[in-house]
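Engineer: Fold the following, please.
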Amino acid sequence: MPNKYDLILLDLDGTVADTDEMIIQSMYQLYDMYRNGKRTPLEEIYYFSGPPIRETLKKEFPDIDNDFITNEFIKISWSNYDKYAKLFPHVKETLINLKNKGFKLGIVTSKLRDSTVHCLEVLAIKDLVPYFVAGNDVKNMKPDPESIYVAMEHFSILDKKKVLYIGDNKSDYLTAKNAGVDVALVTWGPRKIDRTLTPDYWIDDFKEVEEIV
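Structural biologist: As a prediction, this is how the structure comes out:
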């Protein structure tokens, strides 16, 4: 029986990588340094995972040059990846199985390129998913479909029906819908799940990806 999909594209933060604590601790350090310790509530920081970090920092530090505060976040977060970033359960073994079965795998993320490389290296999956499209690799970031189209072109995939994008939030959902490819949303993490969305699949455990594809 042929595979339903040829190309599996994955969001990074909140889908493959549990980087919530990394983001929290990095933001706390920034608040202490540049906002006199005034911290945004934890329940709101959870939703910083997903959108481009530059946009988040522009809102959190409106009076500070965006390039400067973004570079500060990158410097602070670098060591916090090593301390706090981890894979969600069953991600690595599933990626190994998918690769061994011949599936093409890629990452589509709003994270900046250098941070993406560092994250994949810390999580020890860079060899499993060496190809990715980062936020600063495209002119239009998610939910614009450009990043998915770039990945499809890289893998020489023309049929949108053979592409599955897996994410964890509304932006990922819209990215896939705008690109015209199937979408799966994962249900883990601390963020409230928007059950009004209608993805092709809900995923409660990463192992389920093998059954879907």
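Engineer: Kindly indicate whether the residue nearest to Phe48 when sequence neighbours are not counted is helix, strand or coil.
Structural biologist: Distances taken as Cβ to Cβ, 6 or more residues apart in numbering place Thr56 nearest to Phe48, at 5.0 Å, with adjacent residues excluded. Quick note: C-beta positions are derived from backbone N, CA and C, even for glycine. Secondary structure assignment for Thr56 (DSSP: H, G, I helix; E, B strand; the rest coil): helix.
Engineer: hang on, Ile69 packs against Leu57?
Structural biologist: Yes: Ile69 lies in contact with Leu57 (Cβ atoms under 8 Å); the separation is 4.9 Å.
Engineer: okay but the residue nearest to Phe48 is in contact with Ser49, surely?
Structural biologist: No: using Cβ under 8 Å, Thr56 makes no contact with Ser49, being 9.5 Å away.
Engineer: The two: who's more crowded?
Structural biologist: A direct count of neighbours by other Cβ atoms under 10 Å for Thr56 and Ser49 places Ser49 higher, at 27 against 20.
Engineer: In this structure the more buried one contacts Ala17, no?
Structural biologist: No: applying Cβ under 8 Å, one finds Ser49 not in contact with Ala17, separated by 9.3 Å.
Engineer: Over to Pro191. Which of the three states is it?
Structural biologist: Pro isn't right for residue 191; it's Arg. Arg191 - assigned by three-state DSSP - is coil.
Engineer: And for the one 4 residues further on?
Structural biologist: In the three-state summary, Arg195 is assigned as coil, counting by three-state DSSP.
Engineer: Please report how far it lies from Leu185.
Structural biologist: 10 Å (Cβ to Cβ, to the nearest Å).
Engineer: so what's the nearest residue to Asp204 once chain neighbours are set aside up against?
Structural biologist: Once flanking residues are discounted, Asp204 sits nearest to Thr187: 5.1 Å by Cβ to Cβ, 6+ apart. Shown in contact with Thr187 (Cβ atoms under 8 Å, 6 or more residues apart in numbering): Ile193, Trp202, Ile203, Asp204.
Engineer: can you redo these as CSV with secondary structure and pLDDT?
Structural biologist: Listed next are those as CSV, based on DSSP: H, G, I helix; E, B strand; the rest coil; pLDDT from 0 to 100:
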residue, secondary structure, pLDDT
Ile193, coil, 87
Trp202, strand, 98
Ile203, strand, 98
Asp204, coil, 97
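Engineer: between the residues you listed, which is nearest Asp32?
Structural biologist: Taking Cβ to Cβ as the measure, Asp32 sits nearest to Ile193 out of the contacts of Thr187, at 31.5 Å.
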